[in-house]
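1. how would this look folded up:
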Amino acid sequence: MAGALGRSARGTVRRVGLVSAGVLSAFGAGVEPLVEGVFAGESRLRPPRRLAGDACPAGVLAELPWGLPCEPFSAARAAAQKALGAAPREGTALVLASTKADLSGVDAAAPAGAAPGLGAPWRLARALAAALGLSGPVGAVSTACSSGLDALALAGRWVVAGRAERVLVVGVDILTGFVVRGFDALLALDPDPCRPFDRSRRGLSLGEAAVALLLAADAPGPQLLGWGASNDANHVTGPCREGRGLTLAAKRALARADRAPGDVDLVHVHGTGTPYGDASEALGLARLFGDAGPPAWGTKAQTGHTLGAAGLLESLLAVEALRRGEVPGNAGLAEPDVAPGLRLARGSVRLARARCALKVSAGFGGLNAAVLWEVP
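-> This next block holds a predicted model:
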């Protein structure tokens, strides 16, 4: 828990609140199009458009609409500017989450004469902080698909420790032919829209997004109560088949927040649609909650898997579910085929209590992360 550095001038432990957000997603620009579309049950998985002529092996993608920036730096900057609004730039820190950052410099399909991309996440983070005029600490996290939640954890630690009063957390991944072909080479793509946790699931559906969350010390909005992480050390791509690392990450998030599994009212799952990934996650969550777990809900069948932005995008949706007191159900789920202890929402479900949500993510290499959100 927070030590001496985690206390405010009043001597109380510093809390971490969500102030504002900026989003570019397949639903458009802004938080409202995202939440309204998702809670209406809409999906943005479509046949490839921008990448259609790039020897794209994906049957469906969730691409950004025409007119939105589809380059990592520009997309991240647009989301960040929206989240920052009129907040002071002086002393504001930045943490960037991305799995691929900017690969335009190595993509064979890049236009002739195109400038090389910013490459590694730390270069993108520094360039973004400079463009936004942020003078606080700058960090970059690239832990596969758990990057977004790990970035939230780093930002939370900075706020609690007093290293920054405000931290802008930005998650961005923009699809390229190189990225899509890489997932296809791993045999990870479903040619049809993904069906997480369903018996007929065959793989994931990729999406792209840029999401920025502004966190601040003692802000009164939704609270980032706890965070945890683990690594299975199991396989270069595959998770621990029993989901033990995910259980551990979730337990660590709950312990930091001084909460028990019974305090959780909703789980926003990772739910990619891969056969082993979903089975492992279900076992890990069933181990945590037993037979009396809260409703479990995922949204990648609607937004696509947005990689480094996923943890941030899905945190916003989890918080919105708490505010509304309901979830619209798991899209693409017809016949569940996972551990029976996981209470997958089928159709609209009213939450018996709507205060605390656990958000979990998992990444290639056995990476696991979890955060706990609470609404006032």
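
2. In terms of helices and strands, where is the nearest residue to residue 243 once chain neighbours are set aside?
-> Among residues not flanking residue 243 along the chain, residue 284 sits closest, at 2.6 Å (CB to CB, 6 or more residues apart in numbering). In short, each C-beta sits where N, CA and C put it, glycine included. Element membership of residue 284 [criterion: DSSP states H and E] is helix 275-289.

3. For that helix, name the packing helices and strands.
-> Helices and strands touching helix 275-289, as assessed by 3 or more CB pairs under 8 Å, 6 or more residues apart in numbering; DSSP states H and E, comprise helix 244-257, strand 356-363.

4. Let me know the next secondary structure element after it.
-> Once helix 275-289 ends, the next helix or strand along the chain (criterion: DSSP H and E) is strand 295-297.

5. Residue 196 - nearest residue in space that isn't next to it in sequence?
-> Taking CB to CB, 6+ apart, and ignoring the residues beside it in sequence, residue 196 has residue 271 as its nearest neighbour in space, at 3.7 Å.

6. three-state assignment of that neighbour?
-> Secondary structure, DSSP: H, G, I helix; E, B strand; the rest coil: residue 271 is coil.

7. Quickly note the distance from it to residue 198.
-> Residue 271 sits 10 Å away from residue 198, taking CB to CB, to the nearest Å as the criterion.

8. So for those two, which residue has more residues nearby?
-> Under the criterion of other CB atoms under 10 Å, the comparison of residue 271 against residue 198 puts residue 271 first, with 32 against 20.

9. is it true that residue 350 touches residue 324?
-> No. Counting by CB atoms under 8 Å, residue 350 stays clear of residue 324, with 9.4 Å between them.

10. Compare neighbour counts for those two and give me the winner.
-> Summary of the neighbour comparison: residue 350 and residue 324, criterion other CB under 10 Å, with residue 324 having more neighbours (14 against 10).

11. How about that one, nearest residue that isn't a chain neighbour?
-> Counting by CB to CB, 6+ apart, the nearest residue to residue 324 once its immediate chain neighbours are dropped is residue 39, at 6.9 Å.

12. what sits against that neighbour?
-> Taking CB atoms under 8 Å, 6 or more residues apart in numbering, we find residue 39 in contact with 320, 324, 328.

13. Isn't the last one up against residue 38?
-> Just to be clear, that refers to residue 328. Yes. Here residue 328 reaches residue 38: they are 7.1 Å apart, a contact under CB under 8 Å.

14. Compare these two (neighbour count), which wins?
-> Shown here are residue 328 and residue 38; by other CB under 10 Å, residue 38 has more neighbours (25 against 19).

15. Next, give phi and psi for the more buried one.
-> Geometry field for residue 38 lists phi and psi as phi -60, psi -40, criterion degrees, to the nearest 10.

16. Specify the local secondary structure of the residue nearest in space to the middle of the chain.
-> Residue closest to the mean C-alpha point of the chain, counted by CA atoms, centre = their mean, is residue 311 at 1.2 Å. Taken by three-state DSSP, the conformation at residue 311 corresponds to helix.

17. Once you drop chain neighbours, what's closest to residue 276?
-> Counting by CB to CB, 6+ apart, the nearest residue to residue 276 once its immediate chain neighbours are dropped is residue 238, at 6.0 Å.
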